[in-house]
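1. Here is my input, please return the structure:
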Amino acid sequence: MNITIIGTGNIGGAIAKGLSRGTIVTAADITCADRSQASLDKLTEFNREFRTSLDNRTAVRTADIVIIAVKPWMVQGVVEEIKPTLDYSRQTVVSVAAGITFEQLREFLSKEGDGRRSLPPVFRVIPNTAIEALSSMTFVSTCNATEEETALVLGLFDDLGKAMLVDERLMMAGTALASSGIAFAFRYIRAAIEGGVELGFYPQEAQEIVVNTVRGAVELLLANRSNPEQEIDRVTTPGGITIRGLNEMELSGFTSAVIRGLKASK
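-> Have a look, this model is predicted:
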């Protein structure tokens, strides 16, 4: 299976690196296309087997799956550039541009009057940057695709973390919760590190402590399939230091701040 990624910025580059580390394709199966040679050079420094191109049309010719990973306002221009080269009878198009709807993608991609399929299988995919480390929470929506085509794309991204098939109406919510959400998690980690320094640890020590504490919390939830509140109850004791800390955070609006941040990102 050959994959072409158009746009090798933060998310496009992360997808390329993740795919090269996964079990379904190798770096040699991936063509990375970008207008910037410097951006492409960064990828080949990571893995010299990536194929690269400064020409989007050339890059998509041999692809089975074309991943469009450019900024949202660039999607239409990219599609118009590559559309004459795309073969809808054998190629699948995946957009990772937040906010670009299926209605828009159908309009951009539609071919009229050539007697062939007028629209390819189209997917909207919203990963986060942890896809580079095979740990992304990725949302997938589908349009004009068969069950087999959907299973293929879902499996491709499930290999890079956890992929969830959702209705398109939930894509913006998924973006807030997981794509933007990873930044919110990093902000908590940063705040906890700063608190650790105030408590007397050196910054690098505080970071090691906080990162491994967060990892432990995640592993507990996954292993026990439990609710966070259940795990909190196991840590807190009546009159103890943990409940005092939690209550102080709530007095400062911790939960409401998180919810408001998520809603603002939707």
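
2. tell me which strands and helices the longest helix seen in the chain is in contact with?
-> Using DSSP state H, we find that the single longest helix of the chain is helix 203-224. Judged by 3 or more C-beta pairs under 8 Å, 6 or more residues apart in numbering; DSSP states H and E, helix 203-224 is in contact with helix 181-198, helix 228-235. Where C-beta positions appear, they are placed from N, C-alpha and C, glycine not excepted.

3. Would you map the helices across the stretch 1-150 of the chain?
-> 10-21, 37-46, 56-60, 75-82, 102-109, 147-158 (DSSP state H, counting those that start in this stretch).

4. Point out where the stretch 101-250 of the chain drops to low pLDDT.
-> For the stretch 101-250 of the chain, applying pLDDT under 70 flags the ranges 113-117.

5. hmm, back to that, of all the helices and strands packed on helix 203-224, which one is nearest K111?
-> Of all the helices and strands packed on helix 203-224, helix 181-198 sits nearest to K111, with 36.6 Å by C-beta to C-beta.

6. If I take that closest one and helix 203-224, what angle do their directions form?
-> 130 degrees (axes from the mean of the first three to the mean of the last three C-alpha atoms, to 10 degrees).

7. and helix 181-198, what does it pack onto?
-> Packing partners of helix 181-198 (3+ C-beta pairs under 8 Å, 6+ apart): helix 203-224, helix 254-265.

8. Please report how far the most far-flung residue of the chain relative to its centre lies from N247.
-> For the chain, the largest distance from the centre (C-alpha atoms, centre = their mean) belongs to G239, which lies 41.5 Å off. Plainly put, G239 is 12 Å away from N247 if you go by C-beta to C-beta, to the nearest Å.

9. Please apply the same query to L165.
-> For L165, the distance to N247 - C-beta to C-beta - is 39 Å.

10. So between the two, which is more surrounded?
-> L165 (15 against 12; other C-beta atoms under 10 Å).

11. what's the burial count for the closest residue to the more buried one other than its chain neighbours?
-> Distances taken as C-beta to C-beta, 6 or more residues apart in numbering put V140 closest to L165, at 5.2 Å, once the chain neighbours are dropped. Neighbourhood size, V140 [other C-beta under 10 Å]: 22.
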